[in-house]
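Colleague: Okay, here's the prediction I keep looking at, along with the sequence it came from:
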Amino acid sequence: TNLKMMFLTEGATDDSFLDLAQGWANGVVGSVSWHADMDYGDPYFGSSTRIDKMWRHRKDYGNGEAMPEAAAAGVAVGVVLQRAVEESRSTAAADVAAALMELKETTFYGPVEFDAEHRNIGHRAVIVQWQCRTNHDPDMPRCK
């Protein structure tokens, strides 16, 4: 292919991407909201890497595959909701909502801080790039 650049909005870190790319993955970039290699952590699941390993070892859903962003986001929502319930000492919707607005902390998924429109302004997407193995880089993934 004669592509000079490719930016993926979905699937940039999918384990099957290298197989699907058929040799042209090197240099492809994309954005992700979360990846196991991100350096975040919390007291519930530990690091991003740790929760990914926990996911991979589960036979009923992980079964060796990397934790998808959507699953990580769902678990992170549960962590944030739990923190808001703990802080408010209540399960009443108004109390939990008020606690969410005051919450400023980091989960394995990343920073959490809500603005007046209830958006998480603490979290940022990151740019990733496939860099494939050459004879000089034996630790990199191999582009087929």
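Modeller: Everything's here; your move.
Colleague: drop to CA atoms for contacts and neighbour counts, all remaining ones
Modeller: OK.
Colleague: ok, and the closest non-adjacent residue to residue 116?
Modeller: Distances taken as CA to CA, 6 or more residues apart in numbering place residue 101 nearest to residue 116, at 7.9 Å, with adjacent residues excluded.
Colleague: Packing partners of the helix or strand containing that neighbour?
Modeller: If you go by DSSP states H and E, residue 101 is part of helix 93-102. Under the contact definition 3 or more CA pairs under 8 Å, 6 or more residues apart in numbering; DSSP states H and E, helix 93-102 sits against helix 69-88.
Colleague: who does the helix it packs on touch, helix- and strand-wise?
Modeller: helix 93-102, strand 104-107.
Colleague: okay, the helix holding residue 101 in PDB with CA atoms only?
Modeller: These are the backbone C-alpha positions of helix 93-102, laid out as PDB (Å, rounded to 0.1, in the frame of the first residue of the first chain):
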ATOM      1  CA  ALA A  93     -29.400  10.000  44.100                       C
ATOM      2  CA  ALA A  94     -29.000  13.700  45.100                       C
ATOM      3  CA  ASP A  95     -26.300  12.900  47.700                       C
ATOM      4  CA  VAL A  96     -24.300  10.700  45.400                       C
ATOM      5  CA  ALA A  97     -24.600  13.300  42.600                       C
ATOM      6  CA  ALA A  98     -23.200  16.000  44.900                       C
ATOM      7  CA  ALA A  99     -20.400  13.700  46.000                       C
ATOM      8  CA  LEU A 100     -19.500  13.000  42.300                       C
ATOM      9  CA  MET A 101     -19.200  16.800  41.700                       C
ATOM     10  CA  GLU A 102     -16.600  17.000  44.600                       C
END
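Colleague: Turn the helices and strands packed on helix 69-88 into JSON lines, including mean pLDDT and mean neighbour count.
Modeller: Shown next, in JSON lines, are these (pLDDT from 0 to 100; neighbours: other CA atoms under 10 Å):
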{"stretch": "helix 93-102", "mean pLDDT": "96", "mean neighbour count": "16"}
{"stretch": "strand 104-107", "mean pLDDT": "94", "mean neighbour count": "16"}
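Colleague: need the helix or strand of this structure with the lowest average pLDDT.
Modeller: For the chain, using mean pLDDT, DSSP states H and E, the weakest element among its helices and strands is strand 7-8, scoring a mean of 68.
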